[in-house]
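S.K.: this one's structure only:
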């Protein structure tokens with residue numbers, strides 16, 4: 001249950017339109033929703049400002065669909081990450097208005113229109129091969145009602161492409177920078193902008209890249225100030241970090 005629904009419930013009690021015992025019964029089920037092999041945290045939005053997201057990898061389509069239905073009943077928005085077409089088909093059967101993004105590998109759903117934009121984050125992808133991770137970050141930010149500006153295929157092999165985007169990059173409240181190979185792009189960006197940079201190493205590269213470990217170590221050793229690093233391919237985590245920074249920068253809650 002989101003904050004707005006809790007406030008609405010309490011207003012009904014104050015106005016005498018709802019019995020306190022009935023409201024207490026609703027609140028008693030607030031923290032958790034239990035399903036088959038699932039224990040969903042329906043209290044998370046009240047604590048952190050964003051509902052629990054469903055990580056679909058390793059879950060059956062039926063489990064993901066059940067989680068989607070239960071979370072949609074408690075919140076006005078839903079995000080599922082690492083989803084396949086089979087997951088999407090199962091979710092769409094219970095939430096017809098959900099949207100599947102095959103590039104980001106996400107399923108998203110909203111009850112009603114998006115809220116007013118709360119800050120801006122630039123999502124930067126070094127190459128086209130990094131787009132799935134960048135798209136996951138962008139979709140996460142959009143579900144947080146944060147404005148997203150995207151910059152794609154601007155890696156260090158052609159620095160003129162990055163410099164052409166500099167005006168937009170400097171306008172952002174935070175940046176998510178996704179790169180594979182040697183992972184140099186976040187350091188370059190970090191030396192050009194004032195806002196914090198959330199670096200995302202991707203599992204893109206040849207043999208000695210070690211599935212993203214080379215990029216991860218390169219980013220952890222960045223000499224540019226203001227660069228923080230999330231785990232390999234963790235676009236969702238990067239989006240959450242950058243989104244919270246942007247919202248805080250604009251003084252929103």
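M.R.: Ah, there it is. Since the model is a prediction, treat every value here as computed from it, not as a measurement.
S.K.: quick one: low-confidence parts of the protein?
M.R.: Low-confidence segments of the chain (pLDDT under 70): 1-5, 25-39, 252-253.
S.K.: tell me the strands in it, going along the chain?
M.R.: 32-35, 38-41, 54-55, 77-81, 99-101, 106-110, 120-125, 147-152, 174-179, 197-201, 227-229 (DSSP state E).
S.K.: Adding distance to residue 164, write these out as JSON lines.
M.R.: Where C-beta positions appear, they are placed from N, C-alpha and C, glycine not excepted. JSON lines is the format used below for the strands of the chain (distance: least, Cβ to Cβ, whole Å):
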{"stretch": "strand 32-35", "distance to residue 164": "48"}
{"stretch": "strand 38-41", "distance to residue 164": "43"}
{"stretch": "strand 54-55", "distance to residue 164": "36"}
{"stretch": "strand 77-81", "distance to residue 164": "31"}
{"stretch": "strand 99-101", "distance to residue 164": "27"}
{"stretch": "strand 106-110", "distance to residue 164": "29"}
{"stretch": "strand 120-125", "distance to residue 164": "12"}
{"stretch": "strand 147-152", "distance to residue 164": "9"}
{"stretch": "strand 174-179", "distance to residue 164": "16"}
{"stretch": "strand 197-201", "distance to residue 164": "18"}
{"stretch": "strand 227-229", "distance to residue 164": "21"}
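S.K.: got those strands as CSV, with mean neighbour count columns?
M.R.: Output for these, formatted as CSV (neighbours: other Cβ atoms under 10 Å):
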stretch, mean neighbour count
strand 32-35, 13
strand 38-41, 14
strand 54-55, 20
strand 77-81, 24
strand 99-101, 16
strand 106-110, 23
strand 120-125, 28
strand 147-152, 18
strand 174-179, 32
strand 197-201, 31
strand 227-229, 20
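S.K.: so which of these gets nearest residue 217?
M.R.: Closest approach to residue 217 among these is made by strand 197-201 (8.4 Å; Cβ to Cβ).
S.K.: so how far is the closest one from its chain's centroid?
M.R.: 14 Å (Cα atoms, centre = their mean, to the nearest Å).
S.K.: circling back to that earlier point, determine which of the strands of the chain approaches residue 7 most closely.
M.R.: The nearest among these, by Cβ to Cβ, is strand 77-81 at 16.9 Å.
S.K.: Strand partners (parallel or antiparallel) of that closest one?
M.R.: In the sheet containing strand 77-81, its partner strands are strand 54-55 (parallel), strand 106-110 (antiparallel), by DSSP bridges.
S.K.: which one of the ones you listed lies closest to residue 91?
M.R.: Ranking the strands paired with strand 77-81 by proximity to residue 91 (Cβ to Cβ) places strand 106-110 first, at 5.2 Å.
S.K.: For residue 162, which non-adjacent residue is spatially closest?
M.R.: Leaving aside its chain neighbours, residue 162 sits nearest to residue 154 (4.4 Å; criterion: Cβ to Cβ, 6 or more residues apart in numbering).
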